[in-house]
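Any chance you could fold what I've pasted below:
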Amino acid sequence: MNDEIPARQIRAVHTETTIRVYQAYSPAIADAALEAGTFAPPFKRERMTWIKPSFLWMAYRCGWAAKPGQERVLALDITREGFAWALDHAALSHYDPDVHPDRETWRRQVKTSPVRVQWDPERGIRLGPLKHRSLQMGLSGEAVDRYVDKWIAAVTDVTATMRDIGALVAANRIDEAEALLPAEHPYPRV
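Numbers count the residues shown, from 1 in each chain. Coordinates of the predicted model:
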């Protein structure tokens, strides 16, 4: 049996009906989202919003919930149908000659797509890059409206867990830190 992780793989907490993604925000945006059960002002729908299925990639991006404007980390359980729609309407954020016939075709896709996809190096518990890549998805326009109005099934504040794991890593208590990580599994694309 081959246990090697593919170069690109979506790993996430997921159920039969939802997939969990993460976002980090200021306290004002996080509090409003928790109160509303979805995003509400001061969240701005006009801006591209990036979702990440990987907890450790989110930890890397927000510095264990310590970076300004990213002090609060939310876990958002969204519908699998919504996630599939986003993937089906996505354009790669960079030109790839193995995917696009030419740069102009790629440019057209990026201009007309409400979703951008990037594959960034997945992160280990110490936040160093791993060999395989993790999905990051940028939502804009119609995709943001669908995300906010239809896809979000639950909003959970995971800031304390994020900070606890970060503190354990800083104290070199890696086994304890890893025990607190959410159980992410390969996400089946159907």
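
Going by C-alpha atoms from here, please, whenever you check contacts or count neighbours.
Noted.

Against which helices or strands is the longest helix seen in the chain packed?
Using DSSP state H, we find that the single longest helix of the chain is helix 159-170. Here helix 159-170 touches strand 72-79, helix 174-180, going by 3 or more Cα pairs under 8 Å, 6 or more residues apart in numbering; DSSP states H and E.

ok, residue 50 - contacts?
23, 136, 137, 138, 139 (Cα atoms under 8 Å, 6 or more residues apart in numbering).

quick one: secondary structure of the second one?
So that's residue 136. Recorded secondary structure, residue 136: strand (DSSP: H, G, I helix; E, B strand; the rest coil).

quick one: the residue nearest to residue 18 when sequence neighbours are not counted from residue 87, how far?
Spatially, and ignoring its direct neighbours in sequence, residue 18 is nearest to residue 79 (4.4 Å; Cα to Cα, 6 or more residues apart in numbering). Applying Cα to Cα, to the nearest Å, the value for residue 79 to residue 87 is 13 Å.

before we move on, the earlier item: what about the longest helix of the chain, average pLDDT?
For helix 159-170, the mean per-residue pLDDT is 98.

list the buried ones in it?
159, 161, 162, 163, 164, 165, 166, 168, 169 (16 or more other Cα atoms under 10 Å).

which ones are touching the residue nearest to the fourth one when sequence neighbours are not counted?
Closest residue to residue 163 in three dimensions, ignoring its sequence neighbours and counting by Cα to Cα, 6+ apart: residue 64, at 5.5 Å. Taking Cα under 8 Å, 6+ apart as the criterion, residue 64 is in contact with 162, 163, 165, 166.

Most tightly packed of the helices and strands packed on helix 159-170?
strand 72-79 (a mean of 24; mean count of other Cα atoms under 10 Å).

so what secondary structure elements neighbour the helix or strand of the chain with the lowest mean pLDDT?
Least confident helix or strand of the chain, by mean pLDDT, DSSP states H and E, is helix 103-112 with a mean of 82. The contact analysis (3+ Cα pairs under 8 Å, 6+ apart) places helix 103-112 against strand 90-92.

Show me where the protein has its strands.
Under the criterion DSSP state E, the chain contains strands at 11-12, 18-25, 49-51, 72-79, 90-92, 115-123, 129-139, 152-157, 185-186.

Let me see the contact set for residue 56.
122, 123, 124, 125, 127.

Pull the contacting residues for the fourth one.
Put plainly, it is residue 125. Residue 125 touches 56, 169, 174, 177, 178, counting by Cα under 8 Å, 6+ apart.

Give me the distance between it and residue 151.
29 Å.

Ok, the last one next?
If you measure residue 127 against residue 151 using Cα to Cα, the figure is 29 Å.
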